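Chemist: give me the fold of what follows.
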Amino acid sequence: MKKTLTGVVEAGEPLIQQAIDALRRYHAAQDSGQPEKDVERLRLEAESLYQAVTEYQLRSLGGEGATRH
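Modeler: Model (predicted):
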């Protein structure tokens with residue numbers, strides 16, 4: 001399988017969509033004045049998903065991601 005940027009993005013679309021949805025939930029919680037602990041939890045979830053997207057893309061394109069444990 002040829003690894004192209006387009007192929008990597010297409011293969012990672014479900015994860016990318018999860019990250020986008022998490023960011024939307026975080027912003028909605030901020031805008032609606034939800035408790036700070038809930039907003040922070042949603043921020044951490046979005047941040048984690050975006051990090052997962054980055055790691056996936058780096059590894060898929062043959063780059064060095066963070067060390068796997």
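Chemist: tell me where this structure has helices.
Modeler: In the chain, the helices defined using DSSP state H lie at 5-11, 13-31, 36-60.
Chemist: with mean pLDDT added, can I get those in CSV?
Modeler: As requested, the helices of the chain are arranged in CSV below (pLDDT from 0 to 100):
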stretch, mean pLDDT
helix 5-11, 71
helix 13-31, 95
helix 36-60, 94
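Chemist: and the ones you listed as CSV, adding mean neighbour count?
Modeler: Using the backbone N, CA and C atoms, a C-beta is placed for each residue, glycine as well. Converted to CSV, the helices of the chain look like this (neighbours: other C-beta atoms under 10 Å):
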stretch, mean neighbour count
helix 5-11, 12
helix 13-31, 15
helix 36-60, 15
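Chemist: which residue is nearest the centroid of this structure?
Modeler: The centroid of the chain falls nearest to residue 50 when counting by C-alpha atoms, centre = their mean (2.3 Å).
Chemist: separation between that one and residue 19?
Modeler: 5 Å (C-beta to C-beta, to the nearest Å).
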